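J.: sequence and computational prediction follow.
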Amino acid sequence: MTDSRRWMWLAGLVLFCWLLYLLTPILSPFLVAMLLAYLSDPLVDRLERRKLSRTWAVVLVFGLFSLLLLILLLVLIPMLGRQLMRLYELVPQLLDWLQHQALPWTQAQFGLAEDFWRFEQIKAALSEHLGKTSDIVGLVLAQATASSLALLGWIGNLLLIPVVAFYLLRDWDVMLAKLRGLLPRGRESFVVQLVGECHEVLGAFIRGQLLVMLALAGIYSGGLMLVGLELGLLIGVLAGLASIVPYMGFIVGFGAALVAALFQFGGFELYPLIGIAVVFGIGQLLEGMLLTPWLVGDRIGLHPVAVIFAILAGGQLFGFTGVLLALPVAAIIMVLLRHAHDFYKLSALYGEPGAGSDEPPNPA
């Protein structure tokens, strides 16, 4: 490739990134729809292999997802809503428990000064804030209806997701075939191999990690509710969602469950604390020995620090759209860096001896 062509490709890439940045506010529904289509395509392909047409397979998959969403709306979300309201009601009592039991015990153990926490100021600020937001539902509705155009746009984007996802999923294989037909003939095999590796990483992470998160949320929620924890469902769901980063779900869920148990049972009750430890211990064993090897495998290669950085960087640069794109883009960059590393190890630059070295150059 000549220098002029390289500059043309670079200019085209910069222009594409600039247009993508300008279109960020309207990309969210299309990205969510693309994610749904990508996650659903293997199931649709499996139904096609059972002699079902592509359109009817897509309709069947959409019906299944709609049923699951309906169950979620009718069962899980009201339960979570009640626990959130219960948590809101317990905040003043939690503040009193911290002031009169937890913090004095901590001060006595570590020899801290009486006014070390400045807790009265914190409690006054929180109480004032809670007093202003006594009607949470009314506040949310007021904010949502402050601009009718914004509300209509939000509803329109929400309704656009299933429509776009349906057409993307129906024509998924056709679009992939057309994109493959546009590849340079001399580079087709290499690009297909590269895309296949990216697909393997993305599929393993997105599908596998989502299933692991759902499984852990169910294990933690069911176990904590069996222990008798009042906010067990809410804490279990939060721990499952936080499991997108390895060990983060365990840390967040176990810490929140311990605090909730100490507050609910009025101290260091042995059996609830043992029950919480058993629940999270079983969850970690199942995740490490069964769920992650079975659903995710060892093909991801994304370090936990890279996962955290990708999510924070995506949110900082592109908001919610960046959060949606963060992990897929990070996985693709990881595959590209792996190939760049291989090219570097085979290059003449890597084979050159260092300055002042008497070693002969590498024949590679």
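T.: That came through, no problem. Numbering: from 1, shown residues only.

J.: how about low-confidence regions in the stretch 151-300 of the chain?
T.: The model of the stretch 151-300 of the chain has pLDDT under 70 over residues 151, 266-268, 296-300.

J.: one more pass at 80, please.
T.: The model of the stretch 151-300 of the chain has pLDDT under 80 over residues 151-157, 187, 200-209, 244-247, 263, 265-269, 292-300.

J.: burial measure for residue 35, as a count.
T.: 18 (other C-beta atoms under 10 Å). Yep, even glycine has a C-beta here, placed from its N, CA and C like the rest.

J.: quick one: distance of whatever helix or strand it lives in to the chain centre.
T.: Assessed by DSSP states H and E, residue 35 sits inside helix 24-49. Remark: helix 24-49 is offset 16 Å from the chain centroid, using C-alpha atoms, centre = their mean, to the nearest Å.

J.: for that helix, packing partners?
T.: Packing partners of helix 24-49 (3 or more C-beta pairs under 8 Å, 6 or more residues apart in numbering; DSSP states H and E): helix 54-71, helix 148-170, helix 172-181, helix 304-346.

J.: nearest to residue 254, of those helices?
T.: helix 304-346 (17.1 Å; C-beta to C-beta).

J.: all the helices of the stretch 201-350 of the chain, residue numbers only.
T.: In the stretch 201-350 of the chain, the helices defined using DSSP state H, counting those that start in this stretch lie at 208-227, 232-242, 248-264, 270-286, 304-346, 348-351.

J.: hang on, the earlier thing: in TSV: the helices and strands packed on helix 24-49, plus mean neighbour count and distance to residue 245.
T.: Formatted as TSV, the helices and strands packed on helix 24-49 follow (neighbours: other C-beta atoms under 10 Å; distance: least, C-beta to C-beta, whole Å):
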stretch	mean neighbour count	distance to residue 245
helix 54-71	14	25
helix 148-170	14	26
helix 172-181	12	30
helix 304-346	16	5
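
J.: need these in CSV (columns: distance to residue 94).
T.: What follows is the helices and strands packed on helix 24-49, written out as CSV (distance: least, C-beta to C-beta, whole Å):
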stretch, distance to residue 94
helix 54-71, 32
helix 148-170, 33
helix 172-181, 49
helix 304-346, 28
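
J.: and residue 168, which of the helices of the stretch 201-350 of the chain is closest to it?
T.: Here helix 304-346 is closest among these (C-beta to C-beta), at 15.1 Å.

J.: chain center to that closest one, what's the gap?
T.: For helix 304-346, the distance to the chain centre is 14 Å (C-alpha atoms, centre = their mean).

J.: what do you get for stretch 55-65?
T.: Worked out by C-alpha atoms, centre = their mean, stretch 55-65 lies 25 Å from the chain centre.

J.: residues in contact with it: which ones?
T.: Applying C-beta atoms under 8 Å, 6 or more residues apart in numbering, the external contacts of stretch 55-65 come out as 36, 40, 43-44, 47-48, 52, 162, 166, 169-170.

J.: now those residues as TSV including distance to residue 312?
T.: Shown next, in TSV, are the contacts of stretch 55-65 (distance: C-beta to C-beta, whole Å):
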residue	distance to residue 312
36	25
40	29
43	32
44	34
47	38
48	39
52	43
162	30
166	33
169	31
170	36
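
J.: residue nearest the centroid of the protein?
T.: residue 244 (5.3 Å; C-alpha atoms, centre = their mean).

J.: residue contacts, that residue?
T.: 209, 213, 307.

J.: between those residues, which is closest to residue 283?
T.: Nearest to residue 283 among the contacts of residue 244, counting by C-beta to C-beta, is residue 213 at 11.6 Å.

J.: the closest one: how many residues sit nearby?
T.: For residue 213, using other C-beta under 10 Å, the count is 19.

J.: now, among the contacts of stretch 55-65, which is nearest to residue 313?
T.: residue 36 (24.1 Å).

J.: thought the closest one was touching residue 161?
T.: Yes. Assessed by C-beta atoms under 8 Å, residue 36 is found in contact with residue 161 at 7.3 Å.

J.: contact partners for residue 287?
T.: The contact partners of residue 287, by C-beta under 8 Å, 6+ apart, come to 212, 216, 243.

J.: at 7 Å what do you get?
T.: Neighbour list for residue 287: 212, 216 [criterion: C-beta atoms under 7 Å, 6 or more residues apart in numbering].

J.: check residue 33 too.
T.: By C-beta under 7 Å, 6+ apart, the neighbours of residue 33 are 161, 164-165, 168.

J.: and the gap between residue 285 and residue 106?
T.: Counting by C-beta to C-beta, to the nearest Å, the separation of residue 285 from residue 106 is 32 Å.

J.: low-confidence regions, the stretch 1-150 of the chain specifically.
T.: Using pLDDT under 80, the stretch 1-150 of the chain drops low at 1-6, 9, 20-21, 23-28, 86-150.

J.: try 50 this time
T.: 132-136 (pLDDT under 50).

J.: any idea how far apart the tips of stretch 285-292 sit?
T.: 10 Å (C-alpha to C-alpha, to the nearest Å).

J.: that's all I had, so thanks and see you.
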